[in-house]
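S.K.: Build me a model from this:
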Amino acid sequence: MRWAIPELEKILKFCDQNQSLAVFDLDSTLLDVTPRSIQIIKDFKNTASYKSLTDDDKNNYAQINYQHSDWGPSAPLKRASMSKEAHDMVFKFWWSKFFINDYLSYDIPYPGALDYVQKIFSTGSDITYLTARKKQNMLDGTLQSLLDLNFPINNKQTRCVLKEKDHNDHTYKLDWLKKEIPKYTKIFYFENEAKIINHVRRELPEVEIIFMDSIHSQEDSSPVGLPTLPCKFK
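M.R.: Residues are numbered from 1 along each chain as shown. From the prediction side, this is the model:
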């Protein structure tokens, strides 16, 4: 699916004529992180933990089929009928690798996402990549990934903001957005996580939110009544 809704052209026109800020989440908003998870799970085979699996679980491991609709590895591990012990081993390995720099190069942009951010950039609008990735673990890889993928970065018009403290994600993003509101005529905020969107929507109605309908944690219901980008891979 491509980034393609009528509201996007309206936003581009607004940004071209006003002092605006476009805020983009990264994981599952601009970037499809499924290839990152797939590679991590593949690399589990090179570990001592894999070698300790039973033959049945090794066979089950070979059947793991990670889908774009999966949020984390639990669903594909369950579909592969991994035992609880094997499930926990693979999940622990995935968790140890997903939130560090090493595998960020496997992320790919959703179709149309790169082109749209570049168009926003060409209007003169400020751009911020606002992610809940932790700065101490993922800053270098995040910046390199954005550069490698040709997203606008490293100039006065762009910023990349990563989480520095252990705040929950919705509080962290809400607090950041609050500080930016007085500086701009309008803030456009692109995000996939329903819990964050619903929190920002309640607290900051002046922020214009675009819901990226890819995947999210299911901790809150998907928002309705917002401009929605259907980024699901069917």
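S.K.: Now stretch 107-117 - C-alpha only, CSV.
M.R.: Only the C-alpha atoms of stretch 107-117 are listed here, as CSV (Å, rounded to 0.1, in the frame of the first residue of the first chain):
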residue,chain,number,x,y,z
ASP,A,107,14.3,-1.4,8.0
ILE,A,108,12.8,-0.2,4.7
PRO,A,109,10.4,2.7,4.0
TYR,A,110,6.8,2.0,3.3
PRO,A,111,6.0,2.6,-0.4
GLY,A,112,5.6,6.3,-0.9
ALA,A,113,6.8,7.4,2.5
LEU,A,114,10.3,8.6,1.4
ASP,A,115,8.8,10.6,-1.5
TYR,A,116,6.3,12.3,0.7
VAL,A,117,8.8,13.3,3.4
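S.K.: buried residues in it?
M.R.: The neighbour-count check on stretch 107-117 (16 or more other CB atoms under 10 Å) flags Asp107, Ile108, Pro109, Tyr110, Ala113, Leu114, Tyr116, Val117 as buried. (C-beta placed from N, C-alpha, C; glycine too.)
S.K.: State the distance from the residue nearest to Lys186 when sequence neighbours are not counted to Val224.
M.R.: Setting aside the residues directly before and after it, Lys186 is nearest to Ser20 in space (CB to CB, 6 or more residues apart in numbering), at 5.0 Å. Distance of Ser20 to Val224, given as CB to CB, to the nearest Å: 25 Å.
S.K.: quick one: which of the two has more around it?
M.R.: Ser20 (21 against 7; other CB atoms under 10 Å).
S.K.: How about the contacts made by that one?
M.R.: Contact partners of Ser20, counting by CB atoms under 8 Å, 6 or more residues apart in numbering, are Phe14, Thr123, Ser125, Asp126, Tyr184, Thr185, Lys186, Ile187, Phe188.
S.K.: again, but for Glu7
M.R.: Here Glu7 is in contact with Ile210, Pro227 (CB under 8 Å, 6+ apart).
S.K.: For the residue of the chain most remote from its centre, give its distance to His167.
M.R.: Farthest-out residue of the chain from its mean C-alpha position, per CA atoms, centre = their mean: Asp55, at 35.3 Å. Asp55 sits 45 Å away from His167, going by CB to CB.
S.K.: The most centrally placed residue in the chain bridge partners, please.
M.R.: In the chain, the C-alpha nearest the mean C-alpha coordinate belongs to Asp27, at 1.2 Å (CA atoms, centre = their mean). Listed beta-bridge partners, Asp27: Leu31 (assigned using DSSP bridges).
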